[in-house]
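J.: Sequence first, predicted model second:
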Amino acid sequence: MKDHFSFDHRLGILLPDLPVDWDQFSKETQAEILFQWEQIRGSIPDRISELENEINHKQAQLSDEGDFPHSCRLNSEIAELASIINDLWLWYRANQTLSERIHQ
């Protein structure tokens, strides 16, 4: 299955990486890929929660920060974490139709 997924370091999860068109896979391989994706997809809310905790920690640091350049760095880091969360939600929702194929 590792041939069908690659680790995205920014998002912190495996993402589908399919070298050929979906219909070129056997039904058995499709089912295996979908099962693996369902496992990965199920971990996305936990990953989002981890990132939200990081944001909360950085916001707490920001409220006590008096150094303007450091405040700017914290704001930038918070914005990047929020962007990652947004992308994770997109993957979670956009690929829900793929996950539904498992149950058909």
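T.: Structure's in. What do you need?
J.: Please identify the buried residues of the helix or strand encompassing Gly42?
T.: Assigned by DSSP states H and E, Gly42 belongs to helix 27-63. Buried residues in helix 27-63, counted by 16 or more other Cβ atoms under 10 Å: 30, 33-34, 36-38, 40-41, 44, 47-48, 51, 55, 58, 62. C-beta here means a position set from N, CA and C on the backbone, and glycine is covered the same way.
J.: list the contacts for Ala94?
T.: Shown in contact with Ala94 (Cβ atoms under 8 Å, 6 or more residues apart in numbering): no residues.
J.: And for Asp87?
T.: In this structure, Asp87 makes contact with 10-11, judged by Cβ under 8 Å, 6+ apart.
J.: Give me the pLDDT value at it.
T.: The model reports Asp87 with a pLDDT of 97.
J.: buried sites along the helix or strand hosting it?
T.: Following DSSP H and E, one finds Asp87 within helix 68-94. For helix 68-94, burial by neighbour count (16+ other Cβ under 10 Å) applies to 74, 78, 81, 84-85, 88, 91-92.
J.: Out of the residues you listed, which is nearest to His9?
T.: The closest of those to His9 turns out to be Ile84 (Cβ to Cβ; 10.7 Å).
J.: The closest one and Thr29, how far apart?
T.: Separation of Ile84 from Thr29 (Cβ to Cβ, to the nearest Å) stands at 30 Å.
J.: for Ala79, same thing?
T.: 39 Å.
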